[in-house]
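S.K.: need coordinates for the below:
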Amino acid sequence: MPGAAERGSDLSEQIEAFVARLRGGGERPRSEDTARQTLSLLRKIVGHGRWSRAGELMDLIRTEGQRMTAAQPSETTVGNMVRRVLKIIREEYGRLHGRSEESDQQESLHKLLTSGGLSEDFSTHYPPLRANVIEAINELLIELEGTTDNIAMQALEHIHSNEVIMTIGYSRTVEAFLKEAARKRKFQVIVAECAPFCQGHEMAVRLSKENIETTVMSDAAIFAVMSRVNKVIIGTKTILANGALIAVSGTHTLALAAKHHSTPLIVCAPMFKLSPQVGDPHPDLAQLQISLKHPPLPPVLITQCIGYKDVDYLLETDITLLFVIYIFSVQRLSVLTEEFPNEEDSFHKFVSPQEVLPFTEGEILAKINVHCPVFDYVPPELITLFISNIGGNAPSYIYRLMSELYHPDDYEL
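M.R.: Next up, the predicted model:
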């Protein structure tokens, strides 16, 4: 079977290349593109992999999925697509096994709890299973292509004339959402620049090209401006099982300011960003042990840089410093340090601090450690509404969506 061996080798090379791209870092691809690439690889595994029963296929998918997710734990979209395919395999096997679709649904919390004791061995061989699973994956790929458009179509229901909308950084989904609303409504957008990478500048340029009145502001001005804002509309990297977010650094500050001023916070995110992970990965400020003894000078924690220039004062100070330049994030730090080694790796992602503190500052760099986190944790109580490709939902409804998208046995790959 030289043909089968050659296809298997080619598939392995494609998986290795995908894992290498995930592990390599660099410019972060769109989550939608990552989801589509993951599904394409999983479809090839289904089509060319060596398996004859559903149980063997699920083990194969799970093994490859673990390898992909381990390459970049912060890219939760990969694991989400693996879980969706595992759910597809279970459903297609159930149909071939004679189980009705109605009996397979978990329509209430009672059924969700009582179904835990039921299990299948997936050992029966069904020749049509391969073709059925591939067809279902193709349908899922088609669904992915229209997610952004489906979210944007709901814009007129939430944005009204003469409103002031605030967002942070750059999100393609939020961009499409605002552009769709601008076709029939006139409103103003305030974009927080999302320092130190200033992705908000790109968002402002794109919106202004569509004749949307757009203002860029420093992250430090979020709280001061929030009283004028009617709605906050943001994107996110991941939606957690408890309705919380993993979003760009600075989003938690924005959410706290919106909560203080009772401003609705709307999150635009497709369903493939919904992850079964749960938990608050960020320590409270009170948990940090701040010593005022000197020497030695401990690591300085920097979450964002909003223009602090007084380097001489920092060098001459006689006390231990907890240097959190992102001044509004006083309740939670968007960093994970050596004091908290047991938190999940999926919430850790740091990049070069070159934008925060250039390497030309040699004198200060010899005395401090700089951490530049990419993501913030935003708790569900700060979120008003999720707008996805299937409609709008409150954070408390996320548990139900979880049961529709993933099987409980697949939460942990």
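S.K.: for residue 373, give the beta-bridge partners.
M.R.: Beta bridges link residue 373 to residue 350 when assigned by DSSP bridges.
S.K.: isn't residue 387 up against residue 151?
M.R.: Yes. Contact between residue 387 and residue 151 holds when scored by CB atoms under 8 Å: they sit 5.8 Å apart. C-beta here means a position set from N, CA and C on the backbone, and glycine is covered the same way.
S.K.: overlap of the contact sets of those two?
M.R.: 177, 268, 269 (CB atoms under 8 Å, 6 or more residues apart in numbering).
S.K.: element containing residue 93?
M.R.: helix 76-96 (DSSP states H and E).
S.K.: then residue 387?
M.R.: strand 385-388.
S.K.: can you list contacts of that strand?
M.R.: 151, 154, 158, 177, 239, 243, 264-271, 274, 392-395, 398.
S.K.: what's the model's confidence in it, averaged?
M.R.: Averaged across strand 385-388, pLDDT comes to 96.
S.K.: so how far is it from its chain's centroid?
M.R.: How far strand 385-388 lies from its chain's middle: 14 Å, per CA atoms, centre = their mean, to the nearest Å.
S.K.: likewise for stretch 216-228?
M.R.: 24 Å.
S.K.: coming back round to it: show the buried residues in the contacts of strand 385-388.
M.R.: 151, 154, 158, 177, 239, 243, 265-271, 274, 393, 395, 398 (16 or more other CB atoms under 10 Å).
S.K.: give me the subset of those residues lying in strands.
M.R.: 239, 265, 266, 267, 268, 393 (DSSP state E).
S.K.: the third one is in contact with residue 393, isn't it?
M.R.: No. The pair formed by residue 266 and residue 393 falls short of the contact definition of CB under 8 Å, at 11.3 Å.
S.K.: can you list the strands that the strand holding residue 387 pairs with?
M.R.: In the sheet, strand 385-388 lines up with strand 265-268 (parallel), strand 391-393 (antiparallel) (DSSP bridges).
S.K.: how close does residue 30 sit to residue 273?
M.R.: Look at residue 30 and residue 273: by CB to CB, to the nearest Å, they are 11 Å apart.
S.K.: which one's more surrounded, these two?
M.R.: A side-by-side neighbour count of residue 30 and residue 273, using other CB atoms under 10 Å, places residue 273 first with 25 against 12.
S.K.: let me see the ranges of the helices in the stretch 101-250 of the chain.
M.R.: Ranges of helices within the stretch 101-250 of the chain are 101-104, 109-114, 129-145, 147-152, 172-182, 200-208, 222-225, based on DSSP state H, counting those that start in this stretch.
S.K.: between the ones you listed, which gets nearest to residue 9?
M.R.: Among these, helix 129-145 comes nearest to residue 9, with 20.0 Å by CB to CB.
S.K.: show me what the closest one is packed up against.
M.R.: helix 31-48, helix 54-71, helix 76-96 (3 or more CB pairs under 8 Å, 6 or more residues apart in numbering; DSSP states H and E).
S.K.: of all the ones you listed, which lies closest to residue 226?
M.R.: The nearest among those, by CB to CB, is helix 31-48 at 27.5 Å.
S.K.: go through the closest one and flag the buried ones.
M.R.: Those would be 31-32, 34-39, 41-46, for helix 31-48 by 16+ other CB under 10 Å.
S.K.: swap in stretch 368-384?
M.R.: 368, 370-380, 382-384.
S.K.: swap in stretch 162-181?
M.R.: Taking 16+ other CB under 10 Å as the criterion, stretch 162-181 shows 163-171, 173-181 as buried.
S.K.: okay but residue 246 is in contact with residue 252, surely?
M.R.: No. Assessed by CB under 8 Å, residue 246 is found out of contact with residue 252, at 10.3 Å.
S.K.: overlap of the contact sets of those two?
M.R.: 376, 377, 378.
S.K.: out of those residues, who's nearest residue 89?
M.R.: For the shared contacts of residue 246 and residue 252, the nearest to residue 89 is residue 377 (32.2 Å; CB to CB).
S.K.: part of a strand, is that closest one?
M.R.: Yes. Assessed by DSSP: H, G, I helix; E, B strand; the rest coil, residue 377 belongs to a strand.
S.K.: might one say that it is in contact with residue 249?
M.R.: No. Look at residue 377 against residue 249 with CB under 8 Å: they stay out of range, at 10.1 Å.
S.K.: any low-confidence regions in this protein?
M.R.: For the chain, applying pLDDT under 70 flags the ranges 1-8, 25-28, 99-120, 279-348.
S.K.: quick one, the helix holding residue 93 and helix 129-145 angle?
M.R.: With axes from the mean of the first three to the mean of the last three CA atoms, to 10 degrees defining the directions, helix 76-96 sits at 140 degrees from helix 129-145.
S.K.: what packs against helix 76-96?
M.R.: Secondary elements touching helix 76-96 (3+ CB pairs under 8 Å, 6+ apart): helix 31-48, helix 54-71, helix 101-104, helix 129-145, helix 398-405.
S.K.: now that helix, how far from the centre of its chain.
M.R.: The mean C-alpha position of helix 76-96 is separated from the chain mean by 20 Å, CA atoms, centre = their mean.
S.K.: returning to that earlier point: out of the strands paired with strand 385-388, which is closest to residue 57?
M.R.: That would be strand 391-393 among those, by CB to CB, at 31.8 Å.
S.K.: what lies in contact with the closest one?
M.R.: Contacts of strand 391-393 (CB under 8 Å, 6+ apart): 154, 385, 386, 401.
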